[in-house]
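J.: coordinates for the following, if possible.
(chains A and B)
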Amino acid sequence: MATAAQSRMTPLKLFSYSFVLLWLIVAAFPFFWTFWGSFKVQADFLSKADWMNALTGANTIEQTGSAFTGQGYHGAWVLEDFWFNFKNTGIVVFFTVIISLTFGTLGGYALARSGFRYAFWILMAALVFRAMPHMTLVSGYLLWFFEWNVWGILPTTIIVLVAINQPFTLWMLHSFFKNIPKDMDESAMVDGCTRFQAFWHVIVPVMWPGVITTGLFSFLLAYNDFTVAVMLLSEENETIIPAINSFMGTTQVEGKVMYAVAAVVSATAPLFVLILFFQRQIVSGLTAGAVKG
Amino acid sequence: MKHRTFFWFILPTLSAMVLFIALPIVSVFVQSLFVAHEQVLVVTENCGPFGCKPSTAVDVEATEKLRQEQPLGKFNGLGTYLNRSHLAVADISEAWATSKTMGEFWGQVYNLPFYNALTFTLTYAFVVTPLVLVLGLAIAVGVNNLPAMLKGLAIFVSLLPFLVTPLVGSLILFWMVDGDGVIGATIQKIFNDPSLSLKASTPLMWIMLMIYGVWHTLPFSFITFYAGLQTVPEDTMEAAQIDGASKWQRLIHVVVPHLMPLVSFVTLMLIMDNLRVFEPIVSFSAEAHARSLSWIIFNDLRESGNPLYASAGATSLLTIIIVIILMMPVLIRTWRDFSRKSH
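T.: Sure, this is the predicted structure:
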């Protein structure tokens, strides 16, 4: 119902529109640029002479005969075995999400239904834990993991990521379960269910929207993690993010930068698809903790 | 819920948090009290035709054995905290005594590794956070006025920089602003100054890292505020309009107060995340110009073959204390809110 006064173009409105437009360009342009550039050779992508080269691909045509080349992707995926890192990431992400959600739903449900004061203290402790920089925690693990000979393997990283993920998962699922009416599980208990049976038969069937939203963020945490993976995984178990970093460290040679560019685009693609399909859930998850208070 | 049932439900998540978050903090403290063993030296007498000479050699076997038996090292008390790489008490008091101006004193303190990293980390957090809050609100108001069709697209595009892996996002920006990249090279051309490069200039590097920080976290504040704007009461807005409040006045006096609880939530999240800034420094190879607390811990732990557990532990514990101090106001408020609700 826009009234005449509301739809008039005022200077303030004009400013606010152009500001939004500017932001959208700033947000999207780097991704377009890198995606486009990943099909060029390094002399075009990082062209000191003329940035137009990156668009037209002058050097790419000269070197490969075509304006687009898959050399970077070939180098990263075939020559540098990037698929292997993708497989490791797949394993880490899958188990982290499953275990985090299992632990988180049980704990979040208990916190939402318990009126005791210690439930609140657990939530406060979780908030403090959430604030700990991951690097400080990693410096606490390293010595012991070496001592116990569990350093460098995927299960260690998975369990660490699950733990780091718990504070956030707990808060989110706690506020989600609070919105499911108490009467539902309590009437099941009146009918003779135990607490766990009530949870299993009554709560579990209705909890999926909240669990999926929380799961998306667990996925992002595990997928995007660099700090834990770079310190706790040996080279043969590297996940994609540390692998991209080691491309940068060891391959600052002509041509190989493009491997890293191709790897970066490959690593961003799954996230792009994720946003495409789950935009609504991501937005509701971002704001769930805040708006409901 | 009975205590017993509660216990079994909370057990998995609580044990994960205690084992891998609470205990590591204790471990970090314990590690910081020890230092690595020195190498075991043996003095042997080398007797030749011209008499005997004592010579010292490293007893590799004994050193290895000692390290195996006591992996923590030998007890050092608070020594690590006070040394030059951490609080540097001696250096600071010396700098205080010898320097004539505040500037000179600060210059000396800034060269100490811990204070250097602390300065960058705090500057980063306290520049990026307010910028993200203000710009996020501006974009949220702007998007809220857009036609419905464009809103979804705007949110989709905005989510990209936020959800992209920090290491990857900062690499993408770095390739553009580096000396050979599209923006970096263009700036050099405009100013006709080939030395104008990220790798050569500390202020430029700091600014670029903070621009990355804003780019990466702005979507979070924007989307939270945007959701908050949907709940602004229509009646109040209309009443303000009838009373003659301009658009700007309505924004400042109605919308912003309504969003205040969200502002404190977003501030808390942003400060938590900004204090752990680490990935962009790795991506930008910024360590010559900017180091964060997380980065110096990383550097200690990476000391090839022989991680400096004590030094990393001390820095970690100092970092944790700083994080908790900065969170205190929010924690106290949450606690008060809860007590009010329960009584």
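J.: and chain B, what are its domains?
T.: Per automatic domain parsing, the structural domains of chain B span B:31-74, B:78-111, B:113-342.
J.: mind putting those in JSON lines, mean pLDDT, mean neighbour count and distance to chain A included?
T.: Backbone N, C-alpha and C define where each C-beta goes, glycine included. Converted to JSON lines, the domains of chain B look like this (pLDDT from 0 to 100; neighbours: other CB atoms under 10 Å in any protein chain shown; distance: least, CB to the nearest CB, whole Å):
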{"stretch": "domain B:31-74", "mean pLDDT": "77", "mean neighbour count": "13", "distance to chain A": "6"}
{"stretch": "domain B:78-111", "mean pLDDT": "88", "mean neighbour count": "14", "distance to chain A": "13"}
{"stretch": "domain B:113-342", "mean pLDDT": "88", "mean neighbour count": "18", "distance to chain A": "4"}
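J.: got JSON lines for those domains, with distance to A:Val264 too?
T.: Shown next, in JSON lines, are those (distance: least, CB to CB, whole Å):
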{"stretch": "domain B:31-74", "distance to A:Val264": "35"}
{"stretch": "domain B:78-111", "distance to A:Val264": "34"}
{"stretch": "domain B:113-342", "distance to A:Val264": "5"}
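J.: what's the closest of those to A:Asp50?
T.: domain B:113-342 (8.5 Å; CB to CB).
J.: centroid-nearest residue for the chain?
T.: Picking chain A for this. By CA atoms, centre = their mean, chain A has its centre lying nearest to A:Leu220, at 1.7 Å.
J.: I was after chain B.
T.: So for chain B, CA atoms, centre = their mean, it's B:Arg276, sitting 2.2 Å from the centre.
J.: pull up the gap between that residue and A:Val230, please.
T.: For B:Arg276, the distance to A:Val230 (CB to CB, to the nearest Å) stands at 14 Å.
J.: just tell me which of the domains of chain B ends up closest to A:Ala112.
T.: domain B:113-342 (14.3 Å).
J.: distance from the chain centre to that closest one, please.
T.: In terms of CA atoms, centre = their mean, to the nearest Å, the centre of domain B:113-342 is set 11 Å apart from its chain centre.
J.: likewise stretch A:217-231?
T.: Distance, centroid of stretch A:217-231 to centroid of chain: 7 Å (CA atoms, centre = their mean).
J.: contacts for stretch A:100-116, please.
T.: A:119, A:122-123, A:161-162, A:165-166, A:169-170, A:172-178, A:180, A:182, A:185, A:199, A:203, A:207, A:211, A:214-215, A:218, B:1, B:3, B:5-6, B:9-10, B:12-14, B:16 (CB atoms under 8 Å, 6 or more residues apart in numbering or on different chains).
J.: which of these are buried?
T.: Burial by neighbour count, 16 or more other CB atoms under 10 Å in any protein chain shown: within those this picks out A:119, A:122-123, A:161-162, A:165-166, A:169-170, A:172-177, A:180, A:185, A:199, A:203, A:207, A:211, A:214-215, A:218, B:1, B:5-6, B:9-10, B:12-14, B:16.
J.: from those residues, which land in helices?
T.: A:119, A:122-123, A:161-162, A:165-166, A:169-170, A:172-177, A:185, A:211, A:214-215, A:218, B:5-6, B:9-10, B:12-14, B:16 (DSSP state H).
J.: next SSE downstream of the lowest-mean-pLDDT helix or strand in chain A?
T.: Between all helices and strands in chain A, the lowest mean by mean pLDDT, DSSP states H and E belongs to helix A:4-7, at a mean of 52. Once helix A:4-7 ends, the next helix or strand along the chain (criterion: DSSP states H and E) is helix A:11-37.
J.: how far does the helix or strand following that next one sit from the chain's center?
T.: Going down the chain from helix A:11-37, the next helix or strand is helix A:42-45, by DSSP H and E. Averaging C-alpha positions (CA atoms, centre = their mean) puts helix A:42-45 29 Å from its chain's average.
J.: ok, whatever residue of the stretch 151-293 of chain A ends up closest to chain B - contacts?
T.: Residue nearest to chain B within the stretch 151-293 of chain A (CB to the nearest CB): A:Ala163, separated by 3.3 Å. Counting by CB under 8 Å, 6+ apart, A:Ala163 touches B:Ala16, B:Met17, B:Leu19, B:Phe20, B:Ile21.
J.: now do the closest residue to the second one other than its chain neighbours, the pLDDT please.
T.: In space, and not counting its chain neighbours, B:Met17 is closest to A:Gln166: 5.1 Å by CB to CB, 6 or more residues apart in numbering or on different chains. For A:Gln166, the pLDDT comes out at 94.
J.: just the one 10 residues further on next, same as before
T.: pLDDT for A:Phe176: 89.
J.: what's the answer for A:Val150, then?
T.: Predicted confidence (pLDDT) for A:Val150: 91.
J.: count the neighbours of it for me.
T.: 15 (other CB atoms under 10 Å in any protein chain shown).
J.: also A:Asn179?
T.: Neighbours around A:Asn179, by other CB under 10 Å: 10.
J.: follow-up on the earlier one: ok, the residue nearest to the centre of chain A touching B:Pro166?
T.: No. Between A:Leu220 and B:Pro166 there is no contact under CB atoms under 8 Å: 10.9 Å.
J.: wait, which of the domains of chain B is closest to A:Thr156?
T.: domain B:113-342 (15.5 Å).
J.: now B:Glu303: how far from A:Ser139?
T.: For B:Glu303, the distance to A:Ser139 - CB to CB - is 12 Å.
J.: elements contacting whichever strand or helix holds B:Gly107?
T.: Using DSSP H and E, B:Gly107 maps to helix B:102-110. Judged by 3 or more CB pairs under 8 Å, 6 or more residues apart in numbering or on different chains; DSSP states H and E, the packing partners of helix B:102-110 are helix B:89-98, helix B:113-144.
J.: for those, give me a markdown table that also has distance to A:Phe86.
T.: Formatted as a markdown table, these follow (distance: least, CB to CB, whole Å):
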| stretch | distance to A:Phe86 |
| --- | --- |
| helix B:89-98 | 48 |
| helix B:113-144 | 32 |
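J.: nearest to A:Tyr73, of these?
T.: helix B:113-144 (34.0 Å).
J.: and the closest one, what does it pack against?
T.: Looks like helix B:113-144 contacts helix A:11-37, helix B:102-110, helix B:148-163, helix B:202-229, helix B:256-275, helix B:293-302, helix B:309-342 (3+ CB pairs under 8 Å, 6+ apart).
J.: which residues are in contact with B:Asn299?
T.: B:Glu287, B:Arg291.
J.: which non-adjacent residue is nearest whatever residue of the stretch 1-150 of chain A ends up closest to chain B?
T.: Nearest residue of the stretch 1-150 of chain A to chain B: A:Gly140, at 2.8 Å (CB to the nearest CB). Distances taken as CB to CB, 6+ apart place B:Pro24 nearest to A:Gly140, at 2.8 Å, with adjacent residues excluded.
J.: show me the contacts for that neighbour.
T.: B:Pro24 sits next to A:Thr136, A:Leu137, A:Ser139, A:Gly140, A:Tyr141 when contact means CB under 8 Å, 6+ apart.
J.: can you pull the phi and psi angles for B:Gly51?
T.: phi 100, psi 180 (degrees, to the nearest 10).
J.: next one: it from B:Ala57, what distance?
T.: Applying CB to CB to B:Gly51 and B:Ala57 gives a distance of 19 Å.
J.: do the same with B:Gly228
T.: Taken as CB to CB, the span from B:Gly228 to B:Ala57 is 70 Å.
J.: remind me, longest helix of chain A?
T.: Ranking each helix of chain A by length (DSSP H) puts helix A:257-291 first.
J.: which of the residues in that one are buried?
T.: Buried, per 16+ other CB under 10 Å, within helix A:257-291: A:257-268, A:270-272, A:274-275, A:278, A:281-291.
J.: excluding chain neighbours, what is closest to the residue nearest to the centre of chain A?
T.: Using CB to CB, 6+ apart, the nearest residue to A:Leu220 is B:Leu163, at 6.1 Å.
J.: thought the one you found was touching A:Ile275?
T.: Yes. Contact status for B:Leu163 versus A:Ile275: in contact at 6.2 Å, counting by CB under 8 Å.
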